[in-house]
Structures are given as structure tokens and as C-alpha cells.
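# Attaching a predicted model along with its sequence, questions to come.
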Amino acid sequence: MSSRNFDKERPVENISTTTGYCSDPTIGNSLEEVEEEDRWTDLQLASRDGDLPTIERLLLDPSTNINAPPVGWYGQNALQAACAQGHIPVVKRLIAAGADVNAAGDFNRPRTALQIASVSGNDQIVDMLLAAGAEVNVPAAKYNGRTALQAASEGGHLPVIEKLLTIGADVNAPGAHYGGLTALQASCSPASNITVVRTLLAAGAGVNAPPSRYFGLTALQNASLHGHLDIVNELLNHGADVNAPGAYNGGGTALLAAAECGYAEIVMILLDAGADVEVISGQKKQTALQAAAANGHREAFILLEDAEEEANSKKRDRRLSAVLNSRWRSGTDGIIIQD
């Protein structure tokens, strides 16, 4: 075992560590976040709460540091806190007072104000930050981070996406090392939609970008996981690899994702596109058929059972053909060789 100190770089944000694609994520950070708020500065707390009168009073105090860094695992500086809560007047006031629009966030989630604003898709705040010099291509934080474009894509915020692309956002920026997603992969998440996917594809997004090493997903795997039938079809039409392997840790094929979650129509589409029904993948090391059975998805199970039987039949036919061909050539076992 390595002596590396994982406590100092633990991925503490909500990420599913269960063995199934469709299991609920682990949750348990709220108490720590509340305790850490005791260490926030008065300006950070007032900015989070949208308390403009208190902010004005604090800014008059020479001892107030408008760019006081975040504290703890979940902290935010004043500008980030205001962006996270969508307090437009507060964001405007802090920028005017000299807030650093490109400052990093806390240790666990070092996200910039622009990345935070892009999560919620607040285009007014995004405009203010960009006008103040916010950098559009700050890389995603190591743990579950998102670039501004990835964050907007995950939320399906088309106006923000189009704005970011116009000013040079990297449509193929890599996802975070842990739980990361490219913009296209993120656009296949529950809150997004086919229009966002098409916009990113038109901008040159790679349809077969590999998943992040830990708990990542290809675009097709993510769309299959969340039942986006229209997006699955769109990705396949653009050449998505139906049998792309899952992430090194926690990953499975698109077929496994659809089967485990019971999306029978997507299962059928993936099978028609050439999905390999016999692949074993995912943390439970299952075939798609086993996943459908384990989760009680009868319709998906029947489709996969038929596909598996067909695959086995083809195997038997190939083996028989090979045997007959061999015997034909050797003239054995009653097969007559014609002159």
C-alpha cells in the first residue's frame, strides 16, 4: 500500500461510491459545511446572504479584505458566494470594489466565480464576470470540477453555452480526474437536452472522448444512464462507439447502464447498433443481462436474453462451420470429397 496521505486530497463531494450505475450517491457533507461557516469572514457571509447594506458597511472598513480566501473544504470567497446564490446586485458591487474574478475556490472545490455562475446558468452574472476579465478556460478542479462550459452544459444552459463558445471556450477541454466530464459528456446529464448536445457537436465536440479515470462516463454511457433516447440516437448518428469501455474505476458500457436502469428502448437501440451483449463490466462485473435481472427490469431482460441466445447460436454455427470445413478438407467422417 502507498503511504500517500489521502486525507489531504480526499474527494469529499457527493459522488456515487456504490457498486451500481443507478444507485443513489453517498451524501454526508452538510454538517461539515455548516461547521465551516463559523470560519467565514463577515463579508463572505453577507455576500452569501445577499445582505447589501452590511456589505456596504464592511467595505467602508479599511480592515475588510474583499479577496479574503475561502476557508476549509467548502469555503467560498465573497464574490464566489454571491455568484453561487445568484445575488446580482452583490456581484456587481463586489466587482466594482475590486473583487478578483479569477480567484480559486476552496481546497476541495477550487472553482472560479465564472465556473460557479455557469452551474446555475445565470447569464447576467456570467456577463458581468466576463466583462470584468474572467478567464473562460480555467481547467476543471481535480475532484468533480467543471470548466465554465462543462458546468453550463451539464445544466443545459444554452444561452451561457453559446456565449462561452463565442468567446473561445474549449469545447474539448478534459474533464476532472475524479468524476469529470467533457462538455459533451456533461450535456448528456439529466438537466440538459438535445439542443445543447447538437450545439456542442456543431462546435466540434469529440463524440468518443474517453471517460475520466475515476467515475467518468462517455457521452453515450451518460445518455444511456439517464434515459435520453433522443440523445442516444444523436450520438450514434455521429459515430459514438457503442462498445466503448467504461471508466477504470466504476465504469461500465452504455448497454450495462441502460440495462441496469431499465431503459428497454435504449437497450434495443444499442443492440441494433452492435452493442456486445456478452461484455462484463461495471463495479459488479456483470453482463447487461445480469444487471437487468438483478434490478427486476423484465422488458430489458427479455431483450437481452434474446440477444444473448442469438449470440450463442451464432457462436455454435461458427464452430459447426469450422468443424465441417475442417472435415471436408481432410475427407473424414463420411464427408465425400468430389473430384
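Cool, the structure landed.

# Can you measure across stretch 233-249, start residue to end residue?
Stretch 233-249 has an end-to-end distance of 26 Å (criterion: CA to CA, to the nearest Å).

# and it, which residues are buried?
Buried residues in stretch 233-249, counted by 16 or more other CB atoms under 10 Å: 233-236, 238, 240-242, 244, 246-247. No exception for glycine: its C-beta is placed from N, CA and C like everyone else's.

# go on, stretch 40-54?
Neighbour counts using 16+ other CB under 10 Å place 40-48, 50-52 of stretch 40-54 among the buried residues.

# Of these, which is the nearest to residue 75?
Nearest to residue 75, judged by CB to CB, of the buried residues of stretch 40-54 is residue 40 at 6.5 Å.

# got a pLDDT number for the closest one?
Looking at residue 40, its pLDDT stands at 92.

# and what of the one 4 residues further on?
According to the prediction, residue 44 has pLDDT 97.

# on that earlier part again, in helices only, show me the buried residues of stretch 40-54.
42-48, 52 (DSSP state H).

# So residue 187 is in contact with residue 157, correct?
No - at 10.3 Å, residue 187 and residue 157 do not qualify as touching, with contact defined as CB atoms under 8 Å.

# Which residue of the two possesses the greater neighbour count?
When neighbours are counted by other CB atoms under 10 Å, residue 187 comes out ahead of the other of residue 187 and residue 157, with 34 against 24.

# returning to what we had before: dump the buried residues of stretch 40-54 into TSV; add distance to residue 211 as well.
TSV is the format used below for these (distance: CB to CB, whole Å):
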residue	distance to residue 211
40	35
41	39
42	43
43	40
44	35
45	38
46	41
47	36
48	34
50	38
51	42
52	43
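
# For those residues, work out which two are farthest apart.
Longest distance between any two of those is 17.3 Å, between 40 and 52; criterion CB to CB.

# How is residue 255 assigned, secondary-structure-wise?
Secondary structure state of residue 255, per DSSP: H, G, I helix; E, B strand; the rest coil, is helix.

# correct me, but it touches residue 220?
No - assessed by CB under 8 Å, residue 255 is found out of contact with residue 220, at 9.7 Å.

# Give me the common contacts of these two.
Jointly contacting residue 255 and residue 220 under the rule CB atoms under 8 Å, 6 or more residues apart in numbering are residue 242.

# now the ones in helices among the buried residues of stretch 40-54 in TSV, with distance to residue 69?
Converted to TSV, those look like this (distance: CB to CB, whole Å):
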residue	distance to residue 69
42	15
43	12
44	10
45	15
46	17
47	14
48	15
52	22
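
# of the buried residues of stretch 40-54, closest to residue 290?
Taking the buried residues of stretch 40-54 together and measuring to residue 290 by CB to CB, the closest member is residue 48, at 46.9 Å.

# any idea how far that closest one lies from residue 67?
Distance of residue 48 to residue 67, computed by CB to CB, to the nearest Å: 16 Å.

# any weak-confidence spans in the stretch 51-200 of the chain?
The stretch 51-200 of the chain contains residues with pLDDT under 70 at 106-109.

# How much space separates residue 311 from residue 278?
As defined by CB to CB, residue 311 lies at a distance of 6 Å from residue 278.

# Please apply the same query to residue 140.
35 Å.

# The two: who's more crowded?
Comparing residue 140 with residue 278 by other CB under 10 Å, the one with more neighbours is residue 140, at 26 against 12.

# Please settle this for me: is the more buried one part of a helix?
No - going by three-state DSSP, the assignment for residue 140 is coil, not a helix.

# can you pull the contacts of residue 291?
With contact set as CB under 8 Å, 6+ apart, residue 291 has these partners: 21, 256, 259-260, 282, 284.

# rewinding a little: next step: the buried residues of stretch 233-249 restricted to helices.
Cross-referencing the buried residues of stretch 233-249 against helices under DSSP H gives 233-236.

# Not counting sequence-adjacent ones, nearest residue to residue 56?
residue 93 (7.5 Å; CB to CB, 6 or more residues apart in numbering).

# Go through the ones in helices among the buried residues of stretch 233-249 and name the one nearest residue 162.
Nearest to residue 162 among these is residue 234, at 18.2 Å by CB to CB.

# I'd guessed the closest one sits against residue 200; true?
No - applying CB under 8 Å as the test, residue 234 and residue 200 come out as separate, 10.6 Å apart.

# what kind of secondary structure is residue 84 in?
Secondary structure for residue 84, judged by three-state DSSP, is helix.

# which residues sit in contact with the residue lying closest to it once chain neighbours are set aside?
Closest residue in space to residue 84, ignoring its immediate chain neighbours: residue 116 at 5.1 Å, by CB to CB, 6+ apart. Listed by CB under 8 Å, 6+ apart, the contact partners of residue 116 are 76, 80, 83-84, 105, 151.
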